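# Any chance you can model this:
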Amino acid sequence: MIWKIFVAFFIPGVLGYGGGPASIPLVENEVVDRFGWMTVTEFSEMLAMANALPGPIATKMAGFIGYQQAGVLGAVVGVFATVAPSLILMILLLSLLAKFKNSPKVKKMTNLIRPAIAVLLGLMAFQFFRTSYDSSGVWQTGFLIVVSFILLEKVKVHPAFVILGSLIYGAVFLGHT
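Next comes the predicted model:
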């Protein structure tokens, strides 16, 4: 189990170019599809809770899922596996990074990777929407989307408060589903 936890978070750490948010769909693939430790609904709920807490999202996910699967050792291994790729690359490639950070080829590669990450995040958002729609219905889902949009974009409420409000709303009004 410890090895599986390491692999589940090391691979997204290597492939999740762009930081924690970019690795979310990769982690979801590992823990939901590959290892079956969570359902899409459980993953989305865990992600909502993790987003409400301070700190990097990838390490919070790794700590929670690692702990859930193998206790404290699982949490430590999950967090280490999440940061290990960056740590290894920073140690080994720091001089190369400084040398080529303004390279047109590196910038082009970054511009080519961003759309792929955007598509992965879009697919994950669609899966979350579909799961919400299936379990809560179109009216509840639509209400949360509209209210969240208004609070985030028009009123400029901090996302943590919107997530907290959504969690409370779900607990009060959707707890029976």
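# Pick out the residue closest to the middle of this protein.
Nearest to the mean C-alpha position of the chain, by C-alpha atoms, centre = their mean, lies I24 at 2.9 Å.
# residues in contact with that one?
Residues in contact with I24 (C-beta atoms under 8 Å, 6 or more residues apart in numbering) are L47, I57, A58, M61, L121, M124. From N, CA and C alone the C-beta is placed, and that goes for glycine too.
# Can you give me the distance of the residue lying closest to M1 once chain neighbours are set aside to P25?
Nearest non-adjacent residue to M1, counting by C-beta to C-beta, 6 or more residues apart in numbering: A70, 4.9 Å away. Counting by C-beta to C-beta, to the nearest Å, the separation of A70 from P25 is 23 Å.
# same question, F9
14 Å.
# How about S95?
32 Å.
# Have a look at these two and say which one is more surrounded.
Comparing S95 with P25 by other C-beta atoms under 10 Å, the one with more neighbours is P25, at 20 against 8.
# Apart from its neighbours in sequence, what residue is nearest that one?
L120 (4.0 Å).
# Point me to the helix or strand that includes the most far-flung residue of the chain relative to its centre.
Here the centre of the chain is the reference, and by C-alpha atoms, centre = their mean the most remote residue is K99, at 31.0 Å. Using DSSP states H and E, K99 sits within helix 57-100.
# for that helix, what is the average pLDDT?
Averaged over helix 57-100, pLDDT sits at 87.
# now that helix, how far from the chain's geometric center?
Centre-to-centre, helix 57-100 and its host chain are 14 Å apart (C-alpha atoms, centre = their mean, to the nearest Å).
# Can you work out which other helices and strands pack against that helix?
helix 2-15, helix 20-28, helix 40-52 (3 or more C-beta pairs under 8 Å, 6 or more residues apart in numbering; DSSP states H and E).
# From the contact counts, what lies against the first one?
So that's helix 2-15. helix 20-28, helix 57-100.
# Just checking, which helix or strand succeeds the last one along the chain?
Sequence-wise, the next helix or strand downstream of helix 57-100 (DSSP H and E) is helix 104-136.
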